[in-house]
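Undergrad: A predicted structure for the sequence below; I have some questions about it.
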Amino acid sequence: MLQKKRKYATIPSEKTRREIPEGLMNKCPKCGAIQFNMELMKNYKVCSSCGYHFVLNAMERVDMLLDGGRIFEYDEDMISKDPLSFPGYPQKTEQMMEKTGMRDAVITGEGTIGGFPVVVCIMSFEFFSGTLGSVVGEKIVRAAEAAMQKQYPLIIFSTSGGARMQESILSLMQMAKTSAALGRFSESGGLYISILTDPTLGGVSASFATLGDIILAEPGAVIGFAGRRVIEQTIRQKLPDNFQTSEFNLQHGHLDKVVHRKDLRATLIKLLDFHTVKEVPIHGR
C-alpha cells in the first residue's frame, strides 16, 4: 500500500539564501504578497494583489512622471548645516547623503509633463523621513520664485514625518516661509498643484502641502498633523479605521481627488492642458 508523502514547509539554507540576488523580490507590507521587483516597477510600484502604493523616492517619481525622466535640477549643491550644534547631526546628514544619493529631502527643478513646462518639488521620505529643515524650505521657496518668474505651473509632491527636530525653531520657521512664498505665487496668478503621498504629516501638512489650488493624493496615503496614536491618547477615543487616509480626507473635503498612481501623469496632463491659456486666432471681417 502506497502512503502519501507528507508535505513540509522548508526553510532555505544559508547557501540557498546567498544564491538569491538581493533586491530581487519585495513583500507587500499590507497583504504580504511576494512580487518580483521588476514586475513591481512595471506596475508603478503598486501591489498587483491589493493595490498598496509602495513609497517612491524622488528620482523614481521623476522617471515616472516627467517627460523622458529628465529634470533640470535647481540648487542641487545646497546641503544642511548644523546651526544649533545638535549632537550627531552632521554625521547623520552625511550618512543620509551617502545612503540616498541626495543632498537633502527634496529635489527641485523644471521639466515637462506631456510637453507642458513645469517647476516641480519632489520630497523623498528616505532622507531623514522627509523632514522639513532649512534646506527643504529654502529650495521650495526658490522653486516657487522660479515658477513665478517663468510663469510655469508649480507641482509639489509631499511626503514627510514633519519638522526636523535637529533644527528646532529654524525648521518651524520654514512653515511660514514656504507659505508666504506660495501666497506671493498665488497672487501672481500662478497654478499650484499639490500632491500628497504616504505619509504627509506634521509641519509639512500644516503648511505648503495643503495650500494647493488643486490638491490630489495617492490612494491609502496617511495625511494629517499628529499621529493616530497621539490623537487617541489625547482625546481618549477610538478613531475610525480609515482615519487620516486620503479617502477619509477626500470624504471630509480636504482633497479634490484621490488618484491612482498609474493615472497620475494623465491626470496632471489634463489639468495642465485645462489651465493653459490658448491663443485664439482673430479672423478679419
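TA: Structure received.
Undergrad: Only C-alpha atoms from now on, for both contacts and neighbour counts.
TA: Fine.
Undergrad: At which residues are the strands of this structure located?
TA: 25-27, 34-36, 72-74, 106-113, 116-123, 154-160, 192-200, 214-217, 257-258 (DSSP state E).
Undergrad: Now tabulate the ones you listed in CSV and tack on distance to residue 55, mean neighbour count and mean pLDDT.
TA: Below are those laid out as CSV (distance: least, C-alpha to C-alpha, whole Å; neighbours: other C-alpha atoms under 10 Å; pLDDT from 0 to 100):
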stretch, distance to residue 55, mean neighbour count, mean pLDDT
strand 25-27, 12, 14, 88
strand 34-36, 15, 14, 90
strand 72-74, 22, 15, 97
strand 106-113, 15, 23, 98
strand 116-123, 11, 24, 98
strand 154-160, 9, 26, 98
strand 192-200, 7, 25, 97
strand 214-217, 13, 22, 98
strand 257-258, 16, 20, 98
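Undergrad: can you put the ones you listed in a markdown table and add distance to residue 183?
TA: Converted to a markdown table, the strands of the chain look like this (distance: least, C-alpha to C-alpha, whole Å):
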| stretch | distance to residue 183 |
| --- | --- |
| strand 25-27 | 42 |
| strand 34-36 | 44 |
| strand 72-74 | 21 |
| strand 106-113 | 19 |
| strand 116-123 | 16 |
| strand 154-160 | 13 |
| strand 192-200 | 10 |
| strand 214-217 | 14 |
| strand 257-258 | 22 |
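Undergrad: Can you pull the poorly scored residue ranges out of the stretch 101-250 of the chain?
TA: Scanning the stretch 101-250 of the chain for pLDDT under 70 picks out nothing.
Undergrad: Tell me where the stretch 1-150 of the chain has helices.
TA: 14-19, 37-42, 58-65, 89-100, 134-150 (DSSP state H, counting those that start in this stretch).
Undergrad: pLDDT (mean, whole number) over the first one?
TA: Yep, that's helix 14-19 we're talking about. Per-residue pLDDT over helix 14-19 has a mean of 52.
Undergrad: now do the second one
TA: Helix 37-42 shows a mean pLDDT of 89 in the predicted model.
Undergrad: on that earlier part again, check the helices of the stretch 1-150 of the chain for me and report the most buried one.
TA: helix 134-150 (a mean of 21; mean count of other C-alpha atoms under 10 Å).
Undergrad: circling back to that earlier point, of all the strands of the chain, which one comes closest to residue 224?
TA: Smallest distance to residue 224 across those (C-alpha to C-alpha): 6.6 Å, for strand 192-200.
Undergrad: for residue 46, which residues make a bridge with it?
TA: Partner residues in beta bridges with residue 46, using DSSP bridges, are residue 53.
Undergrad: before we move on, back to that, format the helices of the stretch 1-150 of the chain as a markdown table; extra columns: distance to residue 206.
TA: Shown next, in a markdown table, are the helices of the stretch 1-150 of the chain (distance: least, C-alpha to C-alpha, whole Å):
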| stretch | distance to residue 206 |
| --- | --- |
| helix 14-19 | 45 |
| helix 37-42 | 32 |
| helix 58-65 | 21 |
| helix 89-100 | 25 |
| helix 134-150 | 13 |
